[in-house]
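A.B. asks: Predicted model and sequence follow; I will ask about them next.
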Amino acid sequence: MTSNLPVAARRAAELERPEVLAAFFQGLSDPTRVRILELLAERPRTVSELVAALGLAQGRVSSHLSCLRWCGYVEARVEGRYNRYRLVDERVREILRLGEAIVRDNAARLGSCLVLATEGAEGAADGAAGEP
């Protein structure tokens, strides 16, 4: 198995400000990751607690947590036998709150955006192809 770390490190150095900002928001582009952040905004949790709350397989939750850790949204702290995940920055709560308010005010427009609908369909097709 090869590591993506060298590729990611090179890529980060090549990104310009708009690309970095887009990557930040891309971390929020998955509904499961958003739900994980919402749960962690309530209180720190273990993977087992997140699995129970989300009703997903442990591997899927861990994969999303790995992404959120890599992107700097969450961190894990060892507590006994478990890692307890928490938000790294309290401003994430505010981002979620503001996003929810904007969505509430613009739900119809977001739901009818042809560009996002096309991107979502492409992503779903890509995801289906990658599933075993």
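C.D. replies: That came through fine.
A.B. asks: in which helix or strand would I find the spatially most central residue of the chain?
C.D. replies: By C-alpha atoms, centre = their mean, the mean C-alpha position of the chain lies nearest to R33, the distance being 3.4 Å. Using DSSP states H and E, R33 sits within helix 31-42.
A.B. asks: For the longest helix seen in the chain, buried residues please.
C.D. replies: Across the chain, the helix with the greatest residue count (assigned by DSSP state H) is helix 91-111. Neighbour counts over helix 91-111 (16 or more other C-beta atoms under 10 Å) mark V92, I95, L96 as buried. Every C-beta, even on glycine, is put in place using the N, C-alpha and C of the backbone.
A.B. asks: right, and the last one touches A41 too?
C.D. replies: Yes. Between L96 and A41 there is a contact at 6.2 Å, judged by C-beta atoms under 8 Å.
A.B. asks: how big is the angle separating the longest helix of the chain from helix 31-42?
C.D. replies: Relative orientation of helix 91-111 with respect to helix 31-42: 140 degrees, computed using axes from the mean of the first three to the mean of the last three C-alpha atoms, to 10 degrees.
A.B. asks: Need the mean per-residue confidence for helix 91-111.
C.D. replies: Mean per-residue pLDDT for helix 91-111: 91.
A.B. asks: how much space is there between the residue of the chain positioned farthest from its centre and S66?
C.D. replies: Residue farthest from the centre of the chain, counting by C-alpha atoms, centre = their mean, is G80 at 26.0 Å. G80 sits 21 Å away from S66, going by C-beta to C-beta, to the nearest Å.
A.B. asks: try I36
C.D. replies: The value you get for I36 to S66, if C-beta to C-beta is used, is 11 Å.
A.B. asks: Which segments of this structure make up each domain?
C.D. replies: By the assignment in automatic domain parsing, the chain contains the domains 1-89, 90-132.
A.B. asks: Quick check: which of the ones you listed is buried the most?
C.D. replies: Most buried of these, by mean neighbour count (mean count of other C-beta atoms under 10 Å): domain 1-89, with a mean of 14.
A.B. asks: Touching, V61 and R33? I think so.
C.D. replies: No. Between V61 and R33 there is no contact under C-beta under 8 Å: 10.1 Å.
A.B. asks: what about the helices in this protein?
C.D. replies: Using DSSP H, helices in the chain cover 5-14, 17-26, 31-42, 47-54, 58-70, 91-111, 114-130.
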